[in-house]
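# curious how this folds, go ahead:
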Amino acid sequence: MALIIRIDVDRPYGKQPFLRHLLSRLSSDFYFPKIEPLGYLKELRIILQMLNEIQARAYIFFRYCTLPSQSILELIGEGDHEIGLHLENSRSFDNFITEKNMLERHIGRSVLAVSKHGSGGAKYGFHHYAPYEPDKYIEWARQSRMKLFLGNLEDPSIRPSLDKTDFRAYPSAFWLEPAWRNTKVFTIDWLLSQAKRFDVVLLIHPDNVLADPVLTEAFKRIVLSLETRILE
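A predicted model of the protein is given here:
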């Protein structure tokens, strides 16, 4: 058993300082070029370099506004990481396929994993569909011959499901950021212990983790302590 790292790339330019936050909003709602000297995917680059140094593998989920640059794709290739779709406009199956095809055209290969941007309630931008409807995403992913869904529930003790087609659905994750985690029950020590007994999904957002030294150190401790894997 092992740790399954899920990296949701929500913001193209992060959220600090204010200028980068503004560029992230412009990119998400309208358009802004992907300019690496201005910090495009800066935090993701740091996380990937960290993982590559210790040969830890991860799933990286991208939105339309956070599509990987060539240098990010090279880091992903060096670390043998897996790219997934971070579904944003989930109003219909057609919207799902449009986003999937867009990502596949950009990276030049099939995408076999999907996650949902947002857990219901809050609307994150003009193009985002807020309701969280995991049963729909699982069915759509099966129809399009994907292999994995990583869900947004906040109880990491919930076990995954596996059907006769070998499609896996992990309904929940250990959210490293404490705003989405019961920190009294699901401690870092809990994760270190339980991930040796069964697969646990660790969910991070690079800009949040690197903005907080405590979270940064927790992430380092976790990935140095546990075996990570990509589901075959």
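
# run through the neighbouring helices and strands of the lowest-mean-pLDDT helix or strand in the chain.
Ranked by mean pLDDT, DSSP states H and E, the weakest helix or strand in the chain is strand 161-162, scoring a mean of 80. In terms of contacts (3 or more Cβ pairs under 8 Å, 6 or more residues apart in numbering; DSSP states H and E), strand 161-162 is packed against strand 168-172. C-beta: built from backbone N, CA, C; applies to glycine.

# per-residue pLDDT, the residue nearest to residue 177 when sequence neighbours are not counted?
Leaving aside its chain neighbours, residue 177 sits nearest to residue 208 (5.1 Å; criterion: Cβ to Cβ, 6 or more residues apart in numbering). Residue 208 is assigned 96 on the pLDDT scale.

# neighbours around residue 208, how many?
By other Cβ atoms under 10 Å, 19 other residues sit near residue 208.

# cool, and residue 169?
When neighbours are counted by other Cβ under 10 Å, residue 169 registers 18.

# beta partners of it?
residue 149, residue 161 (DSSP bridges).

# who's in contact with it?
134, 138, 148, 149, 151, 160, 161 (Cβ atoms under 8 Å, 6 or more residues apart in numbering).

# now for the longest helix along the chain, which elements pack on it?
The helix that spans the most residues within the chain, counting by DSSP state H, is helix 93-107. For helix 93-107, the packing partners by 3+ Cβ pairs under 8 Å, 6+ apart come out as strand 82-87, helix 134-143.

# now do that helix against strand 82-87, angle only.
Counting by axes from the mean of the first three to the mean of the last three Cα atoms, to 10 degrees, helix 93-107 lies at 140 degrees to strand 82-87.

# buried set for the next helix or strand after helix 93-107?
Moving toward the C-terminus from helix 93-107, the next helix or strand (DSSP states H and E) is strand 113-116. Buried residues in strand 113-116, defined by neighbour count with 16 or more other Cβ atoms under 10 Å: 113, 114, 115, 116.

# one more: stretch 121-134?
Those would be 124, 125, 127, 128, 129, 132, 134, for stretch 121-134 by 16+ other Cβ under 10 Å.

# so which of those residues are in helices?
Those of these lying in helices (DSSP H): residue 134.

# nearest to residue 184, of the buried residues of stretch 121-134?
Closest to residue 184 out of the buried residues of stretch 121-134 is residue 132 (24.5 Å), distances taken as Cβ to Cβ.

# and the closest one, how far is that from residue 32?
As judged by Cβ to Cβ, to the nearest Å, residue 132 and residue 32 stand 27 Å apart.

# and if you look at residue 71?
To residue 32, residue 71 is 18 Å away according to Cβ to Cβ.

# these two: who's more crowded?
Per other Cβ under 10 Å, whichever of residue 71 and residue 32 has more neighbours is residue 32, with 18 against 13.

# contacting residues for the more buried one?
Counted by Cβ under 8 Å, 6+ apart, residue 32 has contacts 12, 13, 23, 26.

# okay then, goodbye and thanks.
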